[in-house]
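J.: Any chance you can model this:
(4 chains)
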There are 2 protein chains.
Amino acid sequence: MATPANENDPRVKRTRQLLLQAFISLLEERHTIHSISVQEITERATVNRATFYAHFEDKYALLEVWMREKFHHVLESQFSTTSTLQRSTLHLLILAVFDFLALWQYHLKPADRQFVPFFEVALQQELQEVLLNWLKQVPLSVPVCQETGETTALVISWAIFGPAVQWSRGDQTITKDVMAHHVLAIVIAGLSPVVTVT
Amino acid sequence: MATPANENDPRVKRTRQLLLQAFISLLEERHTIHSISVQEITERATVNRATFYAHFEDKYALLEVWMREKFHHVLESQFSTTSTLQRSTLHLLILAVFDFLALWQYHLKPADRQFVPFFEVALQQELQEVLLNWLKQVPLSVPVCQETGETTALVISWAIFGPAVQWSRGDQTITKDVMAHHVLAIVIAGLSPVVTVT
DNA sequence: ACAACACTGTTATCTAATCAACACTTTCGT
DNA sequence: ACGAAAGTGTTGATTAGATAACAGTGTTGT
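T.: Got it, this is the predicted structure:
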């Protein structure tokens, strides 16, 4: 990481785009991040290797950005600003998180697992934002300050995200739907102090 | 054209590629070059407008490069180095030229026609090269110096190219195949002083 | 065990791409 | 017919990307 970059320069946008595309296309061929080198990424992106390090710490930082964007896109498309805090939407949201984690989990070899906690943070943040937006739109049963809302979103996001991570890592003997159902019940209960979900 | 560019710099290659791709994709939508502006090309290519002029005189220069590359590709793929100077390959070559000219002709509005002669030169040069390579490989019936070979290729290339241009511009009352047949006969006759085509 | 090899991160130097601004020309609506 | 809008082609100053070279860290094989 020599020089951080001006986010608005068209060259910067294009370079990041090229690196992301190259990474994704390699991921589709290889299936595991472990077997992909920075050299390969930059070669395919027609970008100099040094330029890579001007944008990303390493390939895992690139992965994080990609996952964050992908996750953001999933949440945005399925839970657009029009959807509100309801039992049904919450259920769908939980399932979406489970699905997403299950999907990319198989790209990681055991050797990569050490990095996993790092980008999980990014996903949790995205999830928290969605929940916070929902909380803001809903008429709360009790008046709460901004801090309470944010804390609620934080806790609930982890209540969904944590189980999803563990489930995706585990043997998945309990089915996704059963897990999601459990989580949903607890989340709704957890929300009861500030809002009644119907 | 402010600064000519270093042909080997990866940035240069990529920029040219991006401009070409943008141009082609616009051409597929619009069908006429006349309705495409330099601005649009650069926007779609995510390249600055000033950068365009560092590479090309105007959009017609870009068109010329594109046509040259495309034509080169057609000739290379259909008449690889393995093919030799024979009646059948000559026939195919002539048809390929006719087809190529017919194809892109409809991209041009009357207003663009003034530029046509300009890039026809580029195509003729490509054609001449193919012919020259063939002449070099074939055992000539009479010993000829290098200059004679080049002149022969030059004349023959025009003998093919000129009729193809006129035919593609005209009403095409005579079919492509009939025209090609006439041209073939004359070309073979024209080659007879240096080589007998079977 | 060690040598050959491939990959990683980092640096200084150089160059291509961006930007904003300029004076035109062309096109278009009313 | 005329003013607005959009496109052209050019310039100088600024910034991101390319390059080559570096030391260091695994892999690989023999």
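
J.: Now the helix or strand bottoming out on mean pLDDT in chain A: buried residues?
T.: Ranking every helix and strand in chain A by mean pLDDT, DSSP states H and E puts helix A:116-137 at the bottom, with a mean of 81. Residues A:119-120, A:122-124, A:126-128, A:130-135 are the ones in helix A:116-137 that count as buried (16 or more other C-beta atoms under 10 Å in any protein chain shown). Every residue, glycine included, has its C-beta placed from N, CA and C.

J.: Now distance to chain B too, for the residues you listed, in TSV please.
T.: Below are those laid out as TSV (distance: C-beta to the nearest C-beta, whole Å):
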residue	distance to chain B
A:119	28
A:120	32
A:122	26
A:123	29
A:124	33
A:126	26
A:127	32
A:128	33
A:130	30
A:131	35
A:132	34
A:133	31
A:134	35
A:135	38
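
J.: Check these and tell me the two furthest apart.
T.: A:119 and A:135 (24.8 Å; C-beta to C-beta).

J.: domains for chain A, by residue range?
T.: A:10-56, A:60-191 (automatic domain parsing).

J.: what about the longest one, near DNA strand D?
T.: No - shown here: domain A:60-191 not in contact with DNA strand D (C-beta under 7 Å from any atom of the strand), separated by at least 7.5 Å.

J.: what's the answer for the first one, then?
T.: Yes - contact between domain A:10-56 and DNA strand D, assessed by C-beta under 7 Å from any atom of the strand, occurs at A:11, A:12, A:14, A:15, A:46, A:47, A:48, A:49, A:50, A:51, A:54, A:55.

J.: Wondering if that domain reaches chain B at all.
T.: Yes - using C-beta under 8 Å from any C-beta of the partner chain, we find that domain A:10-56 touches chain B at A:10, A:13, A:14, A:46, A:47, A:48.

J.: gap between the two ends of that domain?
T.: Distance across domain A:10-56, first residue to last, is 17 Å (C-alpha to C-alpha, to the nearest Å).

J.: avg pLDDT for it?
T.: For domain A:10-56, the mean per-residue pLDDT is 93.

J.: pLDDT score assigned to the closest residue to residue A:197 other than its chain neighbours?
T.: Leaving aside its sequence neighbours, residue A:197 sits nearest to residue A:188 (C-beta to C-beta, 6 or more residues apart in numbering or on different chains; 4.8 Å). Per-residue confidence (pLDDT) for residue A:188: 93.

J.: residue contacts, the residue nearest the centre of chain A?
T.: For chain A, the residue nearest the mean C-alpha position is residue A:123 (2.6 Å; C-alpha atoms, centre = their mean). Counting by C-beta atoms under 8 Å, 6 or more residues apart in numbering or on different chains, residue A:123 makes contact with A:67, A:68, A:71, A:100, A:101, A:161.

J.: what's the distance between the fourth one and residue A:160?
T.: Taking C-beta to C-beta, to the nearest Å as the criterion, residue A:100 is separated from residue A:160 by 11 Å.

J.: Those two: which is more packed in?
T.: residue A:160 (24 against 19; other C-beta atoms under 10 Å in any protein chain shown).

J.: List phi and psi for the more buried one.
T.: phi -90, psi -50 (degrees, to the nearest 10).

J.: For it, list the residues it contacts.
T.: Contacts of residue A:160 (C-beta under 8 Å, 6+ apart): A:93, A:94, A:97, A:127, A:183, A:187.

J.: Separate out the buried members of the residues you listed.
T.: Members of the contacts of residue A:160 classed as buried by 16+ other C-beta under 10 Å are A:93, A:94, A:97, A:127, A:183, A:187.

J.: Throw the residues you listed into CSV and include secondary structure, thanks.
T.: As requested, those are exported to CSV (DSSP: H, G, I helix; E, B strand; the rest coil):
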residue, secondary structure
A:93, helix
A:94, helix
A:97, helix
A:127, helix
A:183, helix
A:187, helix
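
J.: And for stretch A:93-104, what's in contact with it?
T.: By C-beta under 8 Å, 6+ apart, the list of residues contacting stretch A:93-104 reads A:67, A:70-71, A:74-75, A:78-79, A:123, A:127, A:130, A:160-161, A:164-165, A:167-168, A:176-177, A:179-180, A:183-184, A:187.

J.: coming back round to it: within reach of DNA strand C, which of the contacts of residue A:123 are there?
T.: Checking these against DNA strand C (C-beta under 7 Å from any atom of the strand), there are no matches.

J.: Any of these buried? List them.
T.: For those, a neighbour count by 16+ other C-beta under 10 Å gives the buried set as A:67, A:68, A:71, A:100, A:101, A:161.

J.: Closest one to DNA strand C out of those, please.
T.: DNA strand C has its nearest neighbour among the buried ones among the contacts of residue A:123 in residue A:67, at 18.2 Å by C-beta to the nearest atom of the strand.

J.: Quick check: which helices or strands does the host helix or strand of that closest one pack against?
T.: Using DSSP states H and E, residue A:67 sits within helix A:59-78. If you count contacts as 3 or more C-beta pairs under 8 Å, 6 or more residues apart in numbering or on different chains; DSSP states H and E, helix A:59-78 packs onto helix A:10-30, helix A:38-45, helix A:87-105, helix A:116-137.

J.: 6 Å instead, please
T.: helix A:116-137 (3 or more C-beta pairs under 6 Å, 6 or more residues apart in numbering or on different chains; DSSP states H and E).
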